[in-house]
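**Student:** Return atomic coordinates for the entry below.
(one chain, ligands or ions: 2)
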Amino acid sequence: MDEQTGGAAEASAAIAEAESHNEPKIGAKDKLDELCVNTIRFLAIDGVEKAKSGHPGAPMGMADMAFVLWTEYMRHDPKAPSWQDRDRFVLSAGHASMLLYSLLHLTGYPEMTIEQLQSFRQWGSKTAGHPEYGDAPGIEVTTGPLGQGFANGVGMGIASKMMAARFNTDDVFKPVQNWIYVICSDGDLEEGISSEAASLAGHLGLGNLIYLYDDNDVTLDGDKRLSMSEDVKKRFEAAHWHVQKIDGHDRDAVRKAIRKAQKITGKPSMIMAKTVIGQGSPKFHGTSRAHGEPLGPEEAAATKVALGWPAEPTFYVPDEVRVEFARKVKKLARARKQWEKGMAEWRARSPQLAAEWDAYWSHSLPDDYELQLAEAGKTDKPIATRELSNQVIQKIGDIAPFVVGGAADLASSTKTNFKNGGSIERLKDDVNDPPPFDLFKGKNLHFGIREHAMGAAINGMTLYGPFRVHGSTFLIFSDYMRPAIRLAALMKIPSIFVYTHDSVFLGEDGPTHQSVEQLFSLRLIPNMTLFRPADGVETGMAWAWAIGSKHEGPTIIVLTRQKVDIIPHGPAFDPHDVWRGAYLLDGYADGDFTFIATGSEVTLAVRTAELLRQEGIRARVVSAPSLDLFDRQPVDYQNEILGNRSRLVAIEAGRSSGWYKYVNHDALVIGIDRFGASAPLADIEKHFGFTPEAVAEKVREWRG
Ligand SMILES: Cc1ncc(C[n+]2csc(CCOP(=O)(O)OP(=O)(O)O)c2C)c(N)n1
Ligand SMILES: [Mg+2]
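**Tutor:** Ligands and ions are numbered 1, 2, ... in the order given. You can find the predicted model right below:
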């Protein structure tokens, strides 16, 4: 073979190889890619210029890799943005939002019009400062608080793998084949949550994760050297990730790296892509000046000159770019049609499994599920509400297979494990042996002592679709999860957060572990429903609320460590009263003042009312399992329940201030307005005055 023939053969092989990956990479066609990438850059620049605020630098630097990913590898279809097996994309560096909006526009998501790009950061637009889930199809998750998206991706990877274990059988067709792609930045890696999440992902061997790290050596305040010098490659390798280092502007290198990452199925993949922030800007490239403010008219114009772009019109999309994006996306979208065809045949072959698949995705429950759960919570002896919750969870396991969950190494205390739910765990203490695929059929996850990542992973798992996911720890450590709780609420997604050991009454562990301010602090979060149930029925109904589809937003279930007495429900009680947030106990319906209490303090209110009855003082008792739900009731109902707001005694083992929303200033609020103490339960009750005798005495004084 002479050299020439060899060369020609090689060239045609290279062309065939490139074509097979949907990438004609030679000559004019590569120039076309460059044009496409620059279109992304200038849409971002023009969007930020018009808004007079935003982050142009990151989209400019990420444009090459994002273009390759979104037009050659990511299985998505703008015509069916939520098809179940699409690849998921998370822009963890949410400040680069114009990158996502430009991609959604150019790849043809109908709602992401050019007018939307022109309304970047404006009231009522779908193009918020940071991407917001629900604003437009194709935005898989709200990002912006750095590190959260990184951990959301891990949650999505867990959910995908759990679905694969359930539904990818020996059948030739595998319903779950997707990848989770994440673009993250220096800020994401500096945030501690990414270390927790990376450690968990590596431990679980999540081979479906492909992360692209925008390794640009710049953060907001200046060069990365100001604050970060670790060896990222070693860090991720140590956490059992597969790591590649590439030039993030070399699109061929990006292609190769993605293909390689797809072949690594036993480990998550990190592609460290060295990029230049503000790539193309003659003055600001490679500097933090490109990070978080408009380039300014002069530099925007200079960048256009430098990259051979027309100064006008702004938001310019060349016709050939539109055609090229359409051509490429059409090819990618074939994956959906193929999947749908495969699914239809699979459904015919496996009707039973297909019915289960649908039950997962529709979260279907028996008609009377809430009453079944209320029943499951019943007890005939005093036990802790965390134990009652455990009874309810076992019932959930029977009737709602799509509910899964885990704990931050406290399942033995929070009692949230499904007894026959299996355990997703490594079988050997060997770095090369992640949990076997089959174990992902299980329902019990071990998030480890990683509350931050657990919160965000729960959100990612929930966003993935078919699962309702809970995660538990002590109430005090909800502080470690607050950013994720807040984002779940902002996204209005039904994540479930379970917190036990809910007050000073956990006892000897002391004030470091005793929640005081958390209850009202969590109740301050909009779109969120917190339950602090007093007994088994309330616990069952709290869980029913959490797993049912009657609401938007996350649910928090707060439970006791200590035993609580049984609440005397009379025949008039209807478990659905629990969903009104507060209701009158029918045995204590009249009196000239009203106790209102939550959780473990309801039995205290009842016992105090009994004591006072012996003295001829009659009190009404209101149980208030969810002040959030109570707030959403009609005002007439609220007035009926509360009665005269000067004649109220509120009791809750936490900060008192929030109660003044419900009671007048001459009412009595019995709370705890200091940190707790390390002592046995009985002593704590005594010293804080949370005994029937002490409360009765306060009431007598108050009544005068
Ligand atoms: C939790 C959190 N802290 C701070 C910020 C504010 N912030 C946004 S971007 C950024 C700099 C991040 O640098 P990098 O992630 O490398 O982005 P680049 O400058 O490369 O675009 C900061 C501090 C944030 N969004 N989230
Ligand atoms: Mg950076």
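**Student:** Let me see the contact set for the most centrally placed residue in the chain.
**Tutor:** Central residue of the chain (CA atoms, centre = their mean): Asn459, 1.8 Å from the mean position. Counting by CB atoms under 8 Å, 6 or more residues apart in numbering, Asn459 makes contact with 141, 148, 152, 155, 484, 487-488, 491, 493, 495. C-betas here are computed from N, CA, C, even on glycine.
**Student:** now Arg349
**Tutor:** Asp171.
**Student:** ok, then the element right after the least confident helix or strand in the chain by mean pLDDT?
**Tutor:** Ranked by mean pLDDT, DSSP states H and E, the helix or strand of the chain with the weakest confidence is helix 3-20, at a mean of 47. Reading on from helix 3-20 to the C-terminus, the next helix or strand found by DSSP states H and E is helix 27-51.
**Student:** I'd like to check the angle between the next helix or strand after that following helix and helix 27-51, please.
**Tutor:** Downstream of helix 27-51, the first helix or strand assigned by DSSP H and E is helix 57-68. Taking axes from the mean of the first three to the mean of the last three CA atoms, to 10 degrees, helix 57-68 and helix 27-51 form an angle of 140 degrees between their directions.
**Student:** what sits up against the next helix or strand after helix 57-68?
**Tutor:** Moving toward the C-terminus from helix 57-68, the next helix or strand (DSSP H and E) is strand 88-91. Strand 88-91 is touched from outside by 69-70, 74, 76, 97, 99-100, 131, 140-141, 143, 149-150, 152-153, 156, 160, 178-183, 460, 464, with contacts defined as CB under 8 Å, 6+ apart.
**Student:** Let's see that with 6 Å instead.
**Tutor:** Strand 88-91 has contacts (CB atoms under 6 Å, 6 or more residues apart in numbering) with 100, 140-141, 143, 149, 152-153, 156, 180-183.
**Student:** just stretch 44-54 next, same as before
**Tutor:** Contacts for stretch 44-54 (CB under 6 Å, 6+ apart): 56, 59, 98, 102, 117, 120-121, 294, 300, 314-315.
**Student:** picking that back up, and the buried ones among the contacts of Asn459, selectable in PyMOL?
**Tutor:** The PyMOL command for the buried members of those (criterion: 16 or more other CB atoms under 10 Å) is given here:
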select buried, resi 141+148+152+155+484+487+488+491+493+495
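**Student:** Nearest to Arg607 among the contacts of Asn459?
**Tutor:** Lowest distance from Arg607 to the contacts of Asn459 (CB to CB) belongs to Ser495, with 35.4 Å.
**Student:** Hmm, that closest one is touching Gly460, no?
**Tutor:** No - if you go by CB atoms under 6 Å, Ser495 and Gly460 don't touch, sitting 9.6 Å apart.
**Student:** Rebuild the contacts of Asn459 as JSON lines, extending it with pLDDT and secondary structure.
**Tutor:** Output for these, formatted as JSON lines (pLDDT from 0 to 100; DSSP: H, G, I helix; E, B strand; the rest coil):
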{"residue": "Val141", "pLDDT": "98", "secondary structure": "coil"}
{"residue": "Gln148", "pLDDT": "98", "secondary structure": "helix"}
{"residue": "Asn152", "pLDDT": "99", "secondary structure": "helix"}
{"residue": "Gly155", "pLDDT": "99", "secondary structure": "helix"}
{"residue": "Ala484", "pLDDT": "98", "secondary structure": "helix"}
{"residue": "Leu487", "pLDDT": "98", "secondary structure": "helix"}
{"residue": "Ala488", "pLDDT": "98", "secondary structure": "helix"}
{"residue": "Met491", "pLDDT": "98", "secondary structure": "helix"}
{"residue": "Ile493", "pLDDT": "98", "secondary structure": "coil"}
{"residue": "Ser495", "pLDDT": "98", "secondary structure": "coil"}
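**Student:** can you list the contacts of Asn459 in a markdown table and add distance to Val329?
**Tutor:** Listed next are the contacts of Asn459 as a markdown table, based on distance: CB to CB, whole Å:
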| residue | distance to Val329 |
| --- | --- |
| Val141 | 21 |
| Gln148 | 28 |
| Asn152 | 24 |
| Gly155 | 27 |
| Ala484 | 32 |
| Leu487 | 29 |
| Ala488 | 31 |
| Met491 | 26 |
| Ile493 | 27 |
| Ser495 | 32 |
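**Student:** of the contacts of Asn459, closest to ligand 2?
**Tutor:** Distances from ligand 2 to those, taken as CB to the ion, are shortest for Gln148 (16.6 Å).
**Student:** For Ala456, see how far away the closest one is.
**Tutor:** 5 Å (CB to CB, to the nearest Å).
**Student:** What of Pro313?
**Tutor:** Counting by CB to CB, the gap from Pro313 to Ala456 is 41 Å.
**Student:** neighbour-wise, which of those two wins?
**Tutor:** Per other CB atoms under 10 Å, whichever of Pro313 and Ala456 has more neighbours is Ala456, with 33 against 8.
**Student:** SS state for the more buried one?
**Tutor:** helix (DSSP: H, G, I helix; E, B strand; the rest coil).
**Student:** Which residues are in contact with it?
**Tutor:** 148, 151-152, 484.
**Student:** give me that answer again for 7 Å
**Tutor:** Neighbouring residues of Ala456 by CB atoms under 7 Å, 6 or more residues apart in numbering: 148, 151-152, 155, 193, 197, 484.
**Student:** So which bits of stretch 114-128 are buried?
**Tutor:** 116-121, 125-128.
**Student:** Not counting it itself, show me its contacts.
**Tutor:** 43, 47, 50-51, 53-54, 98, 101-102, 105, 111-112, 129, 135-136, 315.
**Student:** For that stretch, what is the distance to the chain centroid?
**Tutor:** Relative to its chain's centre, stretch 114-128 lies at 24 Å (CA atoms, centre = their mean, to the nearest Å).
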